[in-house]
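[1] Generate a structure from the sequence data that follows.
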Amino acid sequence: MMKKIFISLLLITATGLSAQNKTYKIADGVLTHQDLFNTSMVEGVSCFRIPAIVTAPNGDLVAAIDERVPSCGDLKWSKDINIVLRRSADNGKTWSKIETVVNFPFGQSASDPSMIVDQQTNEIFLFYNYMDLDKEKDVYYLHVVKSADNGITWSKPQDITSQIAKPEWHKDFKFITSGRGIQTKNGKLLHTLVNLNSGLYIFGSDDHGKTWYFIDTPIKPADESKIIELADGSWMINARVNKGGMRYVHTSTDEGKTWSSKPEPKLIDPGCNAGIVRYTAKADGYDKNRILFSNAKTEKGRTNMTVRISYDEGKTWTEGKTIYGGGSAYSSLTILKNGDIGVFFEKDDYTQNTFVSFSLKWLTDGKDNFKKPSKKRKSTKK
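    Next up, the predicted model:
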């Protein structure tokens, strides 16, 4: 208890707030901020965790998350976790009511949502990890559902475990990384899968999600990670590593067959899931290549949600700008249809899950501005 009081006092001192307000405020200049999911919204829910957000083909925002009912425990410790979402048609100013996407009978749980938007077929794929705690405790299955109407309705769950995991992994601790995957310029869908016994792997689809495959090249060190495509067509993974207080970066020039790995000491990190997304590319008619990165910018403890920008395809990063200085954990990034930046993140010990949006101008203190592309954007990413 004394430790919690001490931390609260530190927060008050750091922000100059009164004793009646013991939390940081969202940074000045942020255009929109809303708490999308908290326990006061739904009776009987212990917490909401693991945010994921994408911009649908029509420009709507789709924000998905775990609805953890009996406890805040992860998949193997809870018999009732559902995947729920909210949608926004006005760049995050207003949102739909909480809608349930996946809800199995008690004893079966679904957790860790992530999404890929296929800009060529206008479909959204939502992945999650599944477990039947009554019949197969500690056995993880990997599922996907699909929406063809910008997240309004969803298909029945499809089990793709046999397509993207080895049979000998049946009892291994394996899971699809929460947050989001990507579509490459040539139309591939790519995502990351963790097997805590052997490493990080890439899985994907070359036929717009009709079938899925897995690339049998373990990538280490890496836990929950995100993949993006660089301007030269190579792949880059930004990885969570649970020791060392920093991120790791892995790159491949041969579509995942081999990887080069290096620590990224300037991207300090407490061992937490983060967000990375392509903002603009010259190939799409924009003036600059830009990549965005969000995480809890601390070496220890999960605080200080920060967004950085890279202008050289991840070789270097700006110091970034703090969105929220208090308790911050998992985050997911997306680009709004008006060019603003959206971050959906866990806030204050998972009691709140907040969406914020802001402009490139605000993020860079006026040094950079969003400009519409000089030619039509290629249909690859949002």
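[2] right, and the helix or strand after the helix or strand of the chain with the lowest mean pLDDT?
    In the chain, no helix or strand scores lower on mean pLDDT, DSSP states H and E than helix 2-15, which sits at a mean of 33. Moving toward the C-terminus from helix 2-15, the next helix or strand (DSSP states H and E) is strand 32-37.
[3] So in that sheet, which strands flank whichever helix or strand comes after that following strand, and in what orientation?
    Using DSSP H and E, the helix or strand that follows strand 32-37 in sequence is strand 47-55. Note on strand 47-55: by DSSP bridges, its sheet partners are strand 61-68 (antiparallel).
[4] Burial check on D312, number of neighbours?
    12 (other Cβ atoms under 10 Å). Glycine gets a C-beta too; all of them are placed from N, C-alpha and C.
[5] Can you name the residues that contact it?
    N289 (Cβ atoms under 8 Å, 6 or more residues apart in numbering).
[6] just to confirm, which helix or strand has it in it?
    Short version, using DSSP H and E: D312 is in no helix or strand.
[7] Which stretches in the stretch 151-300 of the chain count as strands?
    158-159, 174-176, 179-180, 182-183, 189-195, 199-205, 213-219, 225-229, 235-239, 246-252, 260-268, 275-280, 290-296 (DSSP state E, counting those that start in this stretch).
[8] and the ones you listed, which is most packed in?
    Of the strands of the stretch 151-300 of the chain, the one with the most neighbours on average (mean count of other Cβ atoms under 10 Å) is strand 179-180, at a mean of 28.
[9] So what pairs up with the one residue sitting closest to the centre of the chain in the strands?
    Note on the chain: the residue nearest the mean C-alpha position is G179, at 2.5 Å, using Cα atoms, centre = their mean. Beta bridges link G179 to S114 when assigned by DSSP bridges.
[10] And the pLDDT at it?
    In this model, G179 is scored at 98, pLDDT.
[11] Also D349?
    pLDDT at D349 comes out at 81.
[12] Distance check, it against K146.
    Per Cβ to Cβ, to the nearest Å, D349 is found 33 Å from K146.
[13] Looking at these two, which has the bigger crowd around it?
    When D349 is set against K146 and neighbours are counted by other Cβ under 10 Å, the residue ahead is K146, at 19 against 14.
[14] With R87 as the reference, name the closest of the strands of the stretch 151-300 of the chain.
    strand 179-180 (15.9 Å; Cβ to Cβ).
[15] Distance from that closest one to the middle of the chain?
    4 Å (Cα atoms, centre = their mean, to the nearest Å).
[16] of the strands of the stretch 151-300 of the chain, which approaches D74 most closely?
    Here strand 174-176 is closest among those (Cβ to Cβ), at 9.4 Å.
[17] which other residues reach that closest one?
    75, 112, 114, 127-129, 140, 142, 165, 191-196.
[18] What is the nearest of these to V249?
    Among those, T192 lies closest to V249 (Cβ to Cβ), at 13.4 Å.
[19] pLDDT (mean, whole number) over the strand of greatest length in the chain?
    As assigned by DSSP state E, the longest strand anywhere in the chain is strand 321-335. The average pLDDT within strand 321-335 is 97.
[20] List the strands paired with that strand, with their directions.
    Strand 321-335 is paired, per DSSP bridges, with strand 303-310 (antiparallel), strand 341-347 (antiparallel).
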